[in-house]
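Enquirer: sequence and computational prediction follow.
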Amino acid sequence: MDSCPYTTPRSLAMLDIREEPPTLATLQDYGQVSIAFLVESRFRVKPVRSGLGGWTMTEERVEHPWTKDYDAADGGPITWARRFDIANWGVLSVFEGAKRIGGAVIAFNTPGVYMLEGRRDLAVLWDIRVRPENRRTGIGALLFPHIVAWAKYRGCTLLKIETQDINVSACKFYARMGCELRAVHRDAYPDLPDEAQLLWYRRL
């Protein structure tokens, strides 16, 4: 378990989920919500019948826990506008009063984003985060239907999500949200040879 204390918002019904424009100012504020988490276990993913029968996933404790911070690795949200044309992206933000406590970014119809596979009927859940002190309180589950609705409104039939075998909480969350693990790539990250890429999909 993470060592930081967890607090529950006064009421999930009191939270405000807003769509914001994908501007640099929005992403700068969005990026103030930490995405870092403590890796205490990982999924050992093994193919069944060379992958024809899917995969088995066994959760294993890691010997030496460490903190994983995606923003530290790639520069975080403020870099997205420099790397891509994000005009078609969606930013869904969760507020408790004036305080931003979480949100999600959805990529859609963007040339150069290989995860979109050149398709107009596919959206990618590019990022989802909740403040550490508000995690495990149901905020992600509250937000997910809004992500689905955003993609469906734009004619998408499929939602795609990338994570890794060291992000156990995320994997369990996506499974609860009705997503299916369809692809495992062990060599997706040359700089991180001990991490496997997991691709989840949710039909819309």
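Expert: Perfect, I can see it now. Numbers count the residues shown, from 1 in each chain.
Enquirer: from now on I want contacts and neighbour counts done on CA atoms only, so please keep to that.
Expert: Will do.
Enquirer: can you tell me the closest non-neighbouring residue to residue 105?
Expert: residue 91 (4.6 Å; CA to CA, 6 or more residues apart in numbering).
Enquirer: name the SS class of the one you found, please.
Expert: strand (DSSP: H, G, I helix; E, B strand; the rest coil).
Enquirer: identify the bridge partners of it.
Expert: Assessed by DSSP bridges, residue 91 has beta-bridge partners residue 20, residue 105.
Enquirer: which residues sit against the longest strand along the chain?
Expert: Determined from DSSP state E, the single longest strand within the chain is strand 55-68. Outside strand 55-68, the residues within contact range by CA atoms under 8 Å, 6 or more residues apart in numbering are 36-48, 168.
Enquirer: quick check: what element follows it along the chain?
Expert: Per DSSP states H and E, the first helix or strand lying C-terminal to strand 55-68 is helix 70-74.
Enquirer: what's that next one in contact with?
Expert: The contact list for helix 70-74 (CA under 8 Å, 6+ apart) reads 35, 36, 76, 77.
Enquirer: buried sites along it?
Expert: Judged by neighbour count (16 or more other CA atoms under 10 Å), helix 70-74 contains no buried residues.
Enquirer: any chance you could list what contacts the helix or strand following that helix?
Expert: Going down the chain from helix 70-74, the next helix or strand is helix 80-83, by DSSP H and E. For helix 80-83, the surrounding residues in contact (CA under 8 Å, 6+ apart) are 23, 24, 86.
Enquirer: tell me the mean pLDDT over helix 80-83?
Expert: Averaged over helix 80-83, pLDDT sits at 94.
Enquirer: so for it, what gets flagged as buried?
Expert: For helix 80-83, a neighbour-count test (16+ other CA under 10 Å) marks residue 80 as buried.
Enquirer: many thanks, have a good one.
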